[in-house]
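Participant: return atomic coordinates for the entry below.
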Amino acid sequence: MQHDTLLDIYKFIVEKADNGICVVDTTGKLVVYNKKMRELQGISDEEFEKRRALEIVGFNMEKGGLLRVLQDERSILNEKKTFWNEKGQEVTLISNIYPLYSQDELVGAVEFARDITQQEFMMYQPLRRYNEPLTFEIITAVSAVMKKVIEKAKVVAYSRMPVILVGESGTGIDMIAEGIHHELKEKNDMFVTLICRRDEKTVLDQLEKYVVEKQNITFFAERIEYLSMEAQEKIVKLLETSTEHHHVFIASVGEDPIDLIQKGQLSKKLYRLFSDISIYVPALRNRKEDIMPFVEDYFKRHRESYGSVIKGLADDVKDIFLNYNWPGNLKELEVVLDDISSLITNEIFVEAHMLPAHFKWKIQNIESPKNEEMTQSDIFVVMNKNDLRPLDVYMSEVEDYYISRALDLFEGNVSKTASALGIRRQSLQYRIKKYTESKIAPYEREE
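Facilitator: Predicted coordinates for the structure are as follows:
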């Protein structure tokens with residue numbers, strides 16, 4: 001095959017790649033900057049042709065990963081970074097950067113960037129998977145207490161007053177917030193979620209950018225108590241100086257606001273913004289009548305999306321679900337259903353053997369006549385072919401449970417748990433992070 005033909009093939013592959021690819025030579029001159037990388041940076045093809053390479057790459061002498069690789073000749077793997085691109089979009093990447101050699105001589109560096117923006121967002125809001133607006137009509141709530149929550153939320157929407165939503169993570173607070181947005185009589189143009197448990201500079205930059213927009217925006221500050229007091233005070237000032245706009249501001253906290261103020265985690269000035277109304281969203285264990293409607297709705301969507309014939313849970317599994325306390329609330333319930341649905345083929349009902357192993361460990365202490373056979377001694381025993389799964393999956397489930405149980409025994413204290421397990425604190429944090437990204441965090445608090 002001729003050299004020119006090979007070059008055309010390489011160019012085609014690079015341009016069509018799903019990962020962003022950037023290559024520079026030893027002087028920092030741009031050699032390759034593919035279409036996906038341009039999309040991630042928010043740069044059009046026309047802008048790319050007009051601008052100088054170093055302006056596009058942002059080849060910073062202090063922070064540039066490509067430059068560090070050129071200087072040290074050492075690869076940088078799994079480097080995570082969140083930034084605002086040229087279109088004002090928040091983007092999160094995982095990058096691998098390698099030195100390039102030709103005949104043992106360094107000739108440049110290459111970065112492969114994977115876009116995980118959506119996964120990062122979904123990790124905090126897995127209940128947003130329906131690919132349609134989260135109106136109050138889509139929220140599965142039959143309990144009297146949740147009906148009252150929705151009634152109060154509709155009052156908030158009608159009056160456009162700021163509101164603080166109080167409740168544990170995973171209770172569906174994000175759905176209530178977006179429900180308010182869609183219920184507004186005078187519709188807002190955008191719904192912007194500020195994930196406060198992440199980098200607070202990103203949160204403040206995002207708020208500063210949008211608060212001066214001419215458009216009317218609904219802001220939802222998720223778990224605002226994670227921000228520093230300084231950042232909370234800055235939010236107050238931003239909102240006070242944007243009174244000419246018709247924005248709606250919603251915030252959520254994980255526990256009683258007065259308790260948070262006493263502990264120095266919530267600004268009094270910020271709380272005064274919400275002094276007119278607070279809405280408490282109860283934990284799933286306090287409204288168990290909502291469990292089965294949620295499960296039925298989940299499997300209805302599974303039948304519609306995948307053509308399955310699954311009808312729901314077998315009686316013994318239903319009994320397990322209703323007796324379990326669901327510490328992770330709706331998020332945990334949905335994650336368990338996701339694990340179950342990955343095994344569904346032509347089953348009509350979900351049987352006990354289809355429950356994920358990590359969930360079986362959690363329910364081992366449930367006292368239920370129909371669950372007597374699921375004892376601590378045989379939860380991970382392979383009773384039949386249906387229990388078989390890849391060894392690495394099996395061992396990962398065991399580790400997840402063991403860590404979760406250890407954290408439980410030490411009330412979520414990472415340092416004490418790591419000491420008891422005989423591993424470094426950083427090693428335990430890594431394992432918790434890995435578990436969080438694939439399942440649901442065993443605990444939220446660090447100490």
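Participant: what's the helix or strand for the closest residue to Ala406 other than its chain neighbours?
Facilitator: Among residues not flanking Ala406 along the chain, Thr417 sits closest, at 4.9 Å (Cβ to Cβ, 6 or more residues apart in numbering). Where you see a C-beta, it was placed from the backbone N, CA and C, and this is true even at glycine. For Thr417, the host element (DSSP states H and E) is helix 414-421.
Participant: kindly report the same for Lys300.
Facilitator: Using DSSP H and E, Lys300 falls in helix 291-306.
Participant: who touches that helix?
Facilitator: Outside helix 291-306, the residues within contact range by Cβ atoms under 8 Å, 6 or more residues apart in numbering are 130, 140-142, 284, 308-313, 318, 321-322, 326, 330, 333-334, 337, 341, 344.
Participant: who's in contact with Glu255?
Facilitator: Val166.
Participant: quick one on the thing from earlier: average pLDDT for the helix holding Thr417?
Facilitator: The pLDDT scores in helix 414-421 average 84.
Participant: next: stretch 242-257.
Facilitator: 87.
Participant: list the buried residues of that stretch.
Facilitator: 242, 245, 247-254, 257 (16 or more other Cβ atoms under 10 Å).
Participant: and the residues you listed, which two are furthest apart?
Facilitator: His245 and Gly254 (28.4 Å; Cβ to Cβ).
Participant: quick check: next helix or strand after the helix or strand harbouring Lys237?
Facilitator: Take DSSP H and E as the rule and Lys237 turns out to sit in helix 229-240. Note on helix 229-240: by DSSP H and E, the next helix or strand toward the C-terminus is strand 248-253.
Participant: buried ones in the helix or strand following that next one?
Facilitator: Scanning forward in sequence from strand 248-253 by DSSP H and E, the next helix or strand is helix 257-262. For helix 257-262, burial by neighbour count (16+ other Cβ under 10 Å) applies to 257, 260.
Participant: residue ranges with poor pLDDT in the stretch 251-400 of the chain?
Facilitator: 365-394 (pLDDT under 70).
Participant: could you redo the last one with a cut-off of 50?
Facilitator: When residues are selected by pLDDT under 50, those of the stretch 251-400 of the chain lie in 367-379.
Participant: and the strands in it?
Facilitator: Ranges of strands in the stretch 251-400 of the chain, per DSSP state E, counting those that start in this stretch, are 278-280, 312-313, 349-350.
Participant: just send the ones you listed back as TSV, with distance to Lys11 too.
Facilitator: Listed next are the strands of the stretch 251-400 of the chain as TSV, based on distance: least, Cβ to Cβ, whole Å:
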stretch	distance to Lys11
strand 278-280	56
strand 312-313	52
strand 349-350	50
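Participant: of all the ones you listed, which lies closest to Arg425?
Facilitator: Closest approach to Arg425 among these (Cβ to Cβ): strand 278-280, 34.6 Å.
Participant: give me the phi and psi for the closest residue to Met190 other than its chain neighbours.
Facilitator: Counting by Cβ to Cβ, 6+ apart, Ile217 is the residue found nearest to Met190 once chain neighbours are left out, at 4.7 Å. Here is the backbone geometry of Ile217 (degrees, to the nearest 10): phi -130, psi 140.
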